[in-house]
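Asker: Quick one, what's the 3D model for this:
(one chain, ligands or ions: 1)
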Amino acid sequence: MTEPQFPTVRPRRLRSTPAWRRLVAETRVHASQLVLPVFVREGATEPVPIGSMPGVVQHTTDSLKAELQRAATAGIGGIMLFGVPEHKDADGSGATDPDGILNVATRIAAEEIGDALVVQTDLCLDEFTDHGHCGVLDEQGRVDNDATLERYRDMALAQAEAGSALLGLSGMMDGQVAVVREALDAAGRPDVALLGYAAKYASAFYGPFREAVQSSLQGDRRTYQLDPANRREGGREVALDVAEGADIVMVKPAMSYLDVLADAAAVSPVPVWAYQVSGEYSMVEAAAANGWIDRERTIDETITGIVRAGAEGVLTYWAIEAAERWSRA
Ligand code: PBG
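Answerer: Model (predicted):
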């Protein structure tokens, strides 16, 4: 019999008390890193709950103002606005109409809270098109990349005019960042920043979002969003968006794409963000509602994991709640 080998290396020492764990934590998430996605519905007189996203609503322009105040008080970094228009058409004309709901909401947000929060807007056509695609269609019903770029250019100018500080290019058209940058500069708006949804995957986790914006999408987005199987291609999209002039790049969804996120964080010369999308939110809420997981611990663990993997900013529907909880901790 040999003597038992007692360890001389004992990692448990630094885990032994809350004070130790707090001192040696490698990742600290701060409220200022969080961005809240906000839906605003045209013509609504009351906030409308989104069934598949318990706790999230489509705001009226009035309830938007209250939400903006809560967000600022909680100390989060910004808000990302989405419009839910009353009428949709093939070109998504509501997106470029200065009186379209997203531009109206942006004007309100910029006025109310533009000094305290970075006001951001989703720059994509899917909320506004009757067919639900992120671009306009050609005669064969395919999403027409270059015709869509012309719509994005006009949308960018409308959003800049309304007061958006950061345009979230989420449509996954080739060349979208370059075209929008050039248009803004030519229009005398070099001040408006661009968030490239560089590595946006064709994900089932967007399911609840479709209800949130009342999307009528038939089919899927696989001809423009990335295949979930592809990691290298995510890196390529990040490099392209950076080369085209993106000020920030995004990986989306977050939790199933932490490898892509870590890759981007390792090489990107600009900030890297991640979007914890609707399905990631609803999955946790549903399990917690059933008593299967501890809701608050799970939320904090997911956000910490996303930051640990390399995200410097996180878009999450829990932004206000998490910020309020952490400020009490
Ligand atoms: C495109 C857009 C989508 C989301 C954000 N921007 C939908 C899509 O690409 O299908 C999804 C966000 C979420 O699921 O929370 N306008």
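Asker: any weak-confidence spans in this structure?
Answerer: For the chain, the stretches with pLDDT under 70 are 1.
Asker: show me where it has strands.
Answerer: Using DSSP state E, the strands of the chain run over residues 34-41, 48-49, 57-59, 78-84, 118-123, 166-169, 193-200, 248-252, 272-275, 313-315.
Asker: These: which one's closest to D154?
Answerer: Smallest distance to D154 across these (CB to CB): 10.6 Å, for strand 118-123. All C-beta spots, glycine's among them, are computed from the backbone N, C-alpha and C.
Asker: mind listing what the residue of the stretch 51-200 of the chain found nearest the ligand touches?
Answerer: Relative to the ligand, the nearest point of the stretch 51-200 of the chain is C124 (3.5 Å; CB to the nearest ligand atom). If you count contacts by CB atoms under 8 Å, 6 or more residues apart in numbering, C124 has them with 134, 168-171.
Asker: need the residues of the stretch 151-300 of the chain near the ligand, please.
Answerer: For the stretch 151-300 of the chain, the contact set with the ligand under CB under 6 Å from any ligand atom comprises 170, 206, 209, 221, 277-278.
Asker: Could you dump those into TSV with neighbour count added?
Answerer: Output for these, formatted as TSV (neighbours: other CB atoms under 10 Å):
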residue	neighbour count
S170	22
Y206	23
F209	25
R221	21
V277	25
S278	25
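Asker: how close does the spatially closest residue to N103 that is not a sequence neighbour sit to Y281?
Answerer: Computed as CB to CB, 6 or more residues apart in numbering, the closest residue to N103 that is not its neighbour in sequence is A162, at 4.2 Å. Applying CB to CB, to the nearest Å, the value for A162 to Y281 is 27 Å.
Asker: Just the buried residues of stretch 21-32, please?
Answerer: Using 16 or more other CB atoms under 10 Å as the test for burial, stretch 21-32 gives 29, 31.
Asker: before we move on, what about stretch 253-260?
Answerer: Neighbour-count burial for stretch 253-260, counted by 16+ other CB under 10 Å, picks out 253-255, 257-258, 260.
Asker: again, but for stretch 35-43
Answerer: Buried, per 16+ other CB under 10 Å, within stretch 35-43: 35-42.
Asker: Distance from it to the middle of the chain?
Answerer: Relative to the chain's own centre, stretch 35-43 is displaced by 12 Å; criterion: CA atoms, centre = their mean, to the nearest Å.
Asker: Check stretch 319-329 too.
Answerer: Relative to the chain's own centre, stretch 319-329 is displaced by 19 Å; criterion: CA atoms, centre = their mean.
Asker: What of stretch 263-271?
Answerer: Distance of stretch 263-271 from the chain centroid (CA atoms, centre = their mean) equals 17 Å.
Asker: who touches it?
Answerer: Contacts of stretch 263-271 (CB under 8 Å, 6+ apart): 198-199, 231, 234-235, 238-239, 242, 246-249, 251, 272, 309-313.
Asker: so how many other residues sit close to R231?
Answerer: 13 (other CB atoms under 10 Å).
Asker: coming back round to it: take the strands of the chain and lay them out in a markdown table including distance to A95.
Answerer: Below are the strands of the chain laid out as a markdown table (distance: least, CB to CB, whole Å):
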| stretch | distance to A95 |
| --- | --- |
| strand 34-41 | 13 |
| strand 48-49 | 21 |
| strand 57-59 | 17 |
| strand 78-84 | 8 |
| strand 118-123 | 8 |
| strand 166-169 | 12 |
| strand 193-200 | 16 |
| strand 248-252 | 20 |
| strand 272-275 | 20 |
| strand 313-315 | 20 |
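Asker: So which of the ones you listed is nearest S93?
Answerer: Checking these against S93 by CB to CB gives strand 78-84 as the closest, at 12.4 Å.
Asker: Show me what the closest one is packed up against.
Answerer: Counting contacts by 3 or more CB pairs under 8 Å, 6 or more residues apart in numbering; DSSP states H and E, strand 78-84 is packed against strand 34-41, helix 101-113, strand 118-123.
Asker: what about it, near the ligand?
Answerer: No - Strand 78-84 does not reach the ligand (CB under 6 Å from any ligand atom); its nearest approach is 7.0 Å.
Asker: What residues does the stretch 1-150 of the chain have near the ligand?
Answerer: Residues of the stretch 1-150 of the chain lying close to the ligand by CB under 6 Å from any ligand atom are 122, 124, 126-127, 134.
Asker: now with 5 Å?
Answerer: 124, 126 (CB under 5 Å from any ligand atom).
Asker: Just the helices from the stretch 1-150 of the chain, written as ranges.
Answerer: With helices called from DSSP state H, counting those that start in this stretch, the stretch 1-150 of the chain shows them at 18-24, 61-74, 101-113, 145-162.
Asker: Can you lay out the ones you listed as a markdown table showing distance to R189?
Answerer: Below are the helices of the stretch 1-150 of the chain laid out as a markdown table (distance: least, CB to CB, whole Å):
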| stretch | distance to R189 |
| --- | --- |
| helix 18-24 | 44 |
| helix 61-74 | 23 |
| helix 101-113 | 14 |
| helix 145-162 | 5 |
